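**Student:** no sequence for this one, just the structure:
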């Protein structure tokens, strides 16, 4: 069970994108944003994914 504070944000990091995973929180009523980021602060390196989910 996932419990968040009112207006809380749930974030998950992954080295790879996964379309099915993006849909799962949406199926239970979360707004989901998928953001791609670089592994290193100089904007180089592998691309990673962070999902942010919030209950409207």
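**Tutor:** Cool, the structure landed. Note that this is a predicted model, so its numbers are computed, not measured.
**Student:** my read: residue 13 touches residue 48, true?
**Tutor:** Yes - Residue 13 lies in contact with residue 48 (C-beta atoms under 8 Å); the separation is 6.4 Å. For every residue, glycine as well, the C-beta is placed using N, CA and C.
**Student:** these two - which one has more neighbours?
**Tutor:** residue 48 (15 against 9; other C-beta atoms under 10 Å).
**Student:** quick one: residues contacting residue 22.
**Tutor:** When contacts are counted by C-beta atoms under 8 Å, 6 or more residues apart in numbering, residue 22 touches 32, 34, 51.
**Student:** distance check, the last one against residue 44.
**Tutor:** What that stands for is residue 51. 22 Å (C-beta to C-beta, to the nearest Å).
**Student:** can you tell me which of the contacts of residue 22 is nearest residue 21?
**Tutor:** residue 51 (7.2 Å; C-beta to C-beta).
**Student:** check contacts around the closest one.
**Tutor:** Neighbour list for residue 51: 11, 12, 14, 21, 22, 25, 32, 33, 34, 35 [criterion: C-beta under 8 Å, 6+ apart].
**Student:** can you pick the most crowded of those residues?
**Tutor:** Counting by other C-beta under 10 Å, top hit in the contacts of residue 51: residue 25 with 19 neighbours.
**Student:** which helix or strand contains it?
**Tutor:** helix 19-27 (DSSP states H and E).
**Student:** what mean pLDDT does that helix have?
**Tutor:** Computed over helix 19-27, the mean pLDDT rounds to 89.
**Student:** helices and strands around the helix or strand that that helix is followed by, which ones?
**Tutor:** Once the chain leaves helix 19-27, the next helix or strand it forms, by DSSP H and E, is strand 31-38. Packing partners of strand 31-38 (3 or more C-beta pairs under 8 Å, 6 or more residues apart in numbering; DSSP states H and E): helix 19-27, strand 47-54.
**Student:** looking at those, spot the one closest to residue 7.
**Tutor:** strand 47-54 (7.2 Å).
**Student:** strand partners of that closest one, parallel vs antiparallel please.
**Tutor:** Applying DSSP bridges, strand 47-54 is found paired with strand 9-14 (antiparallel), strand 31-38 (antiparallel).
**Student:** figure out which of these is closest to residue 56.
**Tutor:** strand 31-38 (5.5 Å).
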